[in-house]
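In: Mind folding the following:
(chains A and B)
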Amino acid sequence: MTANRILVVDDDLHIRRLLESALVRAGYVPIEATTAAEALEQAKNGAPDAILLDLGLPDRDGLEIVTLLRQRCPAPIIILSARESTDQKVAALDLGAHDYVTKPFDSEEVLARLRATLRARIEAQGASPIVLAGTVTIDLANREVRRDGKEVHLTRKEFEVLSQLALHPGRVVTHQRVLAAAWPHEIDRRIDYLRIVVRNLRQKLEADPSRPALIINELGVGYRLMADN
Amino acid sequence: MTQRDRPPPEAFLRAAAQEGRGKLKIFLGAAPGVGKTFEMLSQGMARSKAGVDVIVGIVETHGRTETEALTRGLEILPRRAIDHQGHMLTEMDLDELLARRPQLALVDELAHTNAAGSRHPKRYQDVEELLDAGIDVYSTVNIQHIESLNDVVASFTRVRVRETVPDTILDQAEIEVVDIPPAELIERLKEGKVYLPQEATRALGHFFSQSNLSALRELALRRAAQAVDAQMLDHVRANALGGTWAGSERIVVAVSEIAGSTGLVRAAKRIADALHAPWTAVHVETARTRQLGPDEHQRIAAVLALATQLGGQVATVPASTVTQGLKAFLLDARATQLIVGKSVRSRLFEMRHGSVVDRLVRETPGVAVHVLPFEEESPSGIGRAQLPSSTMSPWGAPSGYLWTFAWVVAVTLIGSGLFHILDLGNVGMLYLVPVMAAASLFGLRTGLFAGLASSLAYNFFFLPPTGTLTISNPENIISIFVLLGVAFVTSQLTSHVRVQADLAAASARTNAALAGYLRHLTSLKDPAEVAHAACVEIARLLSLRVVMLEQGSAGLSIKASSHAGPNLETMEMAAAQWVTDTGQPAGRGTGTLTASDWRFQPVQAGDRILAVLGLAQEDGRDPVRSDQLPLLGSLIDQTALALERLRLESEMRDIDAMQERERLRSALLSSVSHDLRTPLTSVLAAAGELRRKYPDPLLDTLEGEATRLNRFVANLLDMARVEAGALKLHLEPVDLTDAVSAAVHDTRRSLDGHPIELNVAPDLPLVMVDPQLFHHCLLNLFDNAGRYGDPGTAIIVHAKRTIDGLVLSVIDCGMGLPAGREAEVFETFRRLEGSDRSASGTGLGLAIVKGFAEAMGMTVKSQNRDDGHGACFSIDFPERLLVRPPEETLDI
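Out: The predicted structure follows:
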């Protein structure tokens, strides 16, 4: 298997260097771009397998580039963004970005996201419908959830929510996306319904429901199922 | 409810104004001696016994023993002594009474005129001030002292009373008529129970006849009934009971400088009262009135003042003729009734000019015209047909006659020179030149003189037989009449034109003065300059001395003046202060503090009194003539506008400066945010990356400190957001479990060595917060607990329901907070000293917790643990921030 090519788009030299250093350590091949124009050029001709994208580029609006990159190549995009800009993250995810990492970031975190994203890409081509997360097994095809090998009874809503997260293991799924899938007929998608369902899921699946390790909340953005790699 | 039925706003206003005001009760009598004072004291005594705080403000017992006996049970206010030209007079001590603040004050003889030097000229004004202060007042008055009945009483008693009380006072009072039959009163009078004996005999003949007393008694009863009527009407209006009233009548009374105008005003008031109609006194300003002397202007001002006092409106209308002015005003005011005085002009004058009344009746259809005789004010009175002391004699200037004579001589010489080429008639035409010139330049009489002189010269020098004044040919007599006729017509036409021109010129002068003043003020940039310019210009335009005073922190002081070294006495400063406090004019020519030479006018914009303008004449006369008041008003308004404009401009500059500061601040913030955090991101990531490659404790330090620096920058930004008061909240329902575990995750490195005990019940309601802001609150609380807790001790996070909400506490285990100063920790940059809490930190964290939490509607609290080993910080969520989703959606 050839090494994955990762396109790093950031105008800051030091960040680029760091990311490249981490990518090389993990066995990826980094390609770099410092402007939106270069990024679009590389996306077209460089055949990247994934893109790390800083939204604060000097020559183009960040969200616009997400759309343009999505049009030019199928590589999944991971956004690098400041903690405060929750709205920007959600918007980027809605436009087709796969995940995000909050600045200041830890390189291990970036690599973990990258792994999850790349795996999802492989699974999408012929994915097994079974997701493993710690002691929990989620069989999407048979709508079956087991914890320590024992079947756990979930309500329909609970399964809908969990399966939405399990479809994108290790990646963040926005609140709106889960709500749209699990409550397709509700007009005002109420986050409080979702919060209570997630709370019930944690009661049934987490080792310590007050310290969630399986279903992680991303502030103001969505939930992430911490699946095994 | 239709528009018509709705009560007029004034009714509400009047009712509102009466809230909190004292109540006035008037004991109304037909004549002295009916027992008003006795009745007032009796009722006062009864109220006093009922526990009301009653004081006798002033009572005249006239030596009556029964009355005196009654005052003994009541507290009596000591009188104030006033030295008036060597005589010691005593008056009611108003200030003492106001300071004493009784619930009810008894004030005898409402119509009394105060001694000079008192605050108000009239006692009823004292009473008004007492009422304004919320003190109830009982008072007494006789019917002949009522302003609008003054003429009526005088007409049958032949005694005109000088001391009068405006009807407006009665209209707001409860009236009780004190009545005894006339025969009994005369009996009491004879027994000497009324006045002191020597006065009684004199009074008896003039006044106390059976018929007079009967008439007065009827008047008193009628007036009281009318007051009840008016109050009922107010009540009906305020409550919109749907009663009908003659709301459509509007009365206008035309006044002039003629002495009887005051009688017309009083008559108007009576008619208006009877019809419950609004009324206006109007004075038409024509070229003639501009030529009136100061005495006449004074009289007009007095008549208009009387109208105001009687509750009417006043207006001054400029026009070229009285008829035109009145006609226009009647139309504007939609008047239905007009009251005018019967002309005092001669029959001849009316035949020549036509009667004003006739014309009015003809030209104002739909208006009822009342023609009343001008009644003289006093028997000795001012002459009726007194000629106005005009500045221009009707005879014209003597130089005019000389010029005319010279022209006639010149025409005669020219005529005789040309006689051989002209015929007789054409020579006669030549004489038209001096006649027309004289008539148009010097007026009617000089013109007639020219006509006469011309015809004599024509006759003597040219008409056969020449050299004599006899005329042989009767046709030539016509020539002479033509000359005289031309003189008459020309002078009439020119004088009419001149009047118009004068009016236009006067109006143009006023406008030019105003425009010039306005231009001058607009160019000024500083309030002090405006004040000075206002003083100088108003002084120049009205020939006055002018000062401007302004209220500063140290009281009222002179800001500018037209003349050097203005010197205001204490009394004048008091008047100016009154103007500042009330917004009403005071001083000479007004109703308040009239003893001063100065008149003080407020300079106000809207309800704000910007300054006070003081006006005085050099020689102590009344500062402002009635015809100057409109100009003065305009000048003051312009001054107020200029001052207000400068004030607004200065405010705008302040706002601009503030906005500029805000802009710089947010620019600085965003630059700090970007410029500091970008390198920090690199440093942090680099440290983490290096630590993995080369494990070294120094790299741990590097990463730890960089993390701390990053938190510090974040805190600085957060604090700036709190202090700017510009937090944008994105509230959403949050599960406390999520919030707490995210904060635990983010502080896992800095809290190394502090195990976290979570005690958050799984079934707590969700809370409505901004997730980011709340996250920062928790980060700072955890950070704080980690810093001040003893190493290795647990941090306890505790959340539970309370009766009216939910409380989340973060508890550390350490020294705790200094006793008594637990609450101070939430202040910016507060790091409590005097304890061992000397760990590193900026002191910003807890201030941010407080700022964010309060912005989201929560409250924060800090206290020591009950066992004293550590501190406990809590966030209280009120009930309204808690969210409970409907159950049914969950079990599907």
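
In: Could you pull out the helices in chain A for me?
Out: Remark: helices assigned in chain A by DSSP state H are A:13-25, A:36-45, A:62-72, A:86-94, A:107-126, A:156-166, A:175-182, A:191-205.

In: what's the lowest-mean-pLDDT helix or strand in chain A packed up against?
Out: Lowest by mean pLDDT, DSSP states H and E among the helices and strands of chain A is helix A:107-126, with a mean of 78. Here helix A:107-126 touches helix A:13-25, strand A:50-54, strand A:77-82, strand A:99-103, helix B:629-693, going by 3 or more C-beta pairs under 8 Å, 6 or more residues apart in numbering or on different chains; DSSP states H and E. Every C-beta, even on glycine, is put in place using the N, C-alpha and C of the backbone.

In: can you tell me which of these the model trusts least?
Out: Ranked by mean pLDDT, the helices and strands packed on helix A:107-126 bottom out at helix B:629-693, with a mean of 82.

In: Determine if any part of that helix is in contact with chain A.
Out: Yes: Helix B:629-693 lies within reach of chain A by C-beta under 8 Å from any C-beta of the partner chain, at B:677-682, B:684-686, B:688-689, B:692-693.

In: Then stretch B:748-767?
Out: Yes: Stretch B:748-767 is in contact with chain A by C-beta under 8 Å from any C-beta, via B:Leu758, B:Val760, B:Pro762, B:Leu766.

In: how does the chain divide up, domain by domain?
Out: By default, I'm working from chain A. Domain ranges of chain A: A:5-125, A:128-225, per automatic domain parsing.

In: my bad, chain B
Out: B:9-239, B:251-372, B:398-498, B:578-724, B:727-888.

In: now the second one, how far from the centre of its chain.
Out: A distance of 27 Å separates the centroid of the chain from that of domain B:251-372, by C-alpha atoms, centre = their mean, to the nearest Å.

In: still on that earlier bit, could you dump the domains of chain A to a markdown table with distance to B:Ala281?
Out: Listed next are those as a markdown table, based on distance: least, C-beta to C-beta, whole Å:
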| stretch | distance to B:Ala281 |
| --- | --- |
| domain A:5-125 | 71 |
| domain A:128-225 | 69 |
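
In: Dump those to JSON lines, plus mean neighbour count.
Out: Listed next are these as JSON lines, based on neighbours: other C-beta atoms under 10 Å in any protein chain shown:
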{"stretch": "domain A:5-125", "mean neighbour count": "19"}
{"stretch": "domain A:128-225", "mean neighbour count": "18"}
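
In: Just the pLDDT for the residue of chain A most remote from its centre.
Out: The centre of chain A is farthest from one residue, A:Lys150, which by C-alpha atoms, centre = their mean lies 28.6 Å away. Model confidence at A:Lys150, given as pLDDT, is 91.

In: for B:Val56, same thing?
Out: Reported pLDDT for B:Val56: 90.

In: Can you get me a residue count around it?
Out: Number of residues near B:Val56 (other C-beta atoms under 10 Å in any protein chain shown) recorded here: 21.

In: And the one 10 residues further on, by the same measure?
Out: Other residues near B:Glu66 number 11, with proximity taken as other C-beta under 10 Å.

In: if I look at it, how far off is chain A?
Out: Distance of B:Glu66 to chain A, given as C-beta to the nearest C-beta, to the nearest Å: 86 Å.

In: I figured that residue hits B:Phe38, correct?
Out: Yes: in this structure, B:Glu66 is within contact of B:Phe38 by C-beta atoms under 8 Å, at 6.5 Å.

In: quick one: the spatially closest residue to B:Ile55 that is not a sequence neighbour and chain A, what's the gap?
Out: What sits nearest to B:Ile55 in space, not counting adjacent residues and going by C-beta to C-beta, 6 or more residues apart in numbering or on different chains, is B:Pro102, at 4.1 Å. Distance of B:Pro102 to chain A, given as C-beta to the nearest C-beta: 65 Å.

In: and if you look at B:Glu176?
Out: Relative to chain A, and taking C-beta to the nearest C-beta, B:Glu176 is found at 71 Å.

In: Please apply the same query to B:Val744.
Out: B:Val744 is 7 Å from chain A, by C-beta to the nearest C-beta.

In: Also B:Arg625?
Out: Taken as C-beta to the nearest C-beta, the span from B:Arg625 to chain A is 73 Å.

In: re earlier: tabulate the domains of chain B (JSON lines), appending distance to B:Pro527.
Out: As requested, those are exported to JSON lines (distance: least, C-beta to C-beta, whole Å):
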{"stretch": "domain B:9-239", "distance to B:Pro527": "32"}
{"stretch": "domain B:251-372", "distance to B:Pro527": "32"}
{"stretch": "domain B:398-498", "distance to B:Pro527": "44"}
{"stretch": "domain B:578-724", "distance to B:Pro527": "5"}
{"stretch": "domain B:727-888", "distance to B:Pro527": "38"}
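
In: Which one of these lies nearest to A:Asp10?
Out: domain B:578-724 (10.2 Å; C-beta to C-beta).

In: next one: stretch B:178-189 to chain centre, how far?
Out: Relative to the centre of its chain, stretch B:178-189 is centred 47 Å away, using C-alpha atoms, centre = their mean.

In: Can you mark which positions in it are buried?
Out: B:Val178, B:Ile180, B:Pro182, B:Leu185, B:Ile186, B:Arg188, B:Leu189 (16 or more other C-beta atoms under 10 Å in any protein chain shown).

In: about what we covered before: want to throw the helices of chain A into a markdown table with distance to B:Gly565?
Out: Converted to a markdown table, those look like this (distance: least, C-beta to C-beta, whole Å):
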| stretch | distance to B:Gly565 |
| --- | --- |
| helix A:13-25 | 77 |
| helix A:36-45 | 78 |
| helix A:62-72 | 74 |
| helix A:86-94 | 70 |
| helix A:107-126 | 84 |
| helix A:156-166 | 90 |
| helix A:175-182 | 80 |
| helix A:191-205 | 78 |
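
In: okay, residue 160: pLDDT?
Out: Since you didn't name a chain, this refers to chain A. For A:Glu160, pLDDT reads 90.

In: oops, chain B please
Out: Turning to B:Arg160, the model gives it a pLDDT of 73.

In: Surely it is in contact with B:Asn150?
Out: Yes: using C-beta under 8 Å, B:Arg160 is in contact with B:Asn150, at 7.2 Å.

In: picking that back up, show me what the residue farthest from the centre of chain A bridges to in the sheet.
Out: Beta-bridge pairing of A:Lys150 under DSSP bridges involves A:Arg147.

In: What distance do you get for it to A:Ile130?
Out: Taking C-beta to C-beta, to the nearest Å as the measure, A:Lys150 falls 16 Å from A:Ile130.
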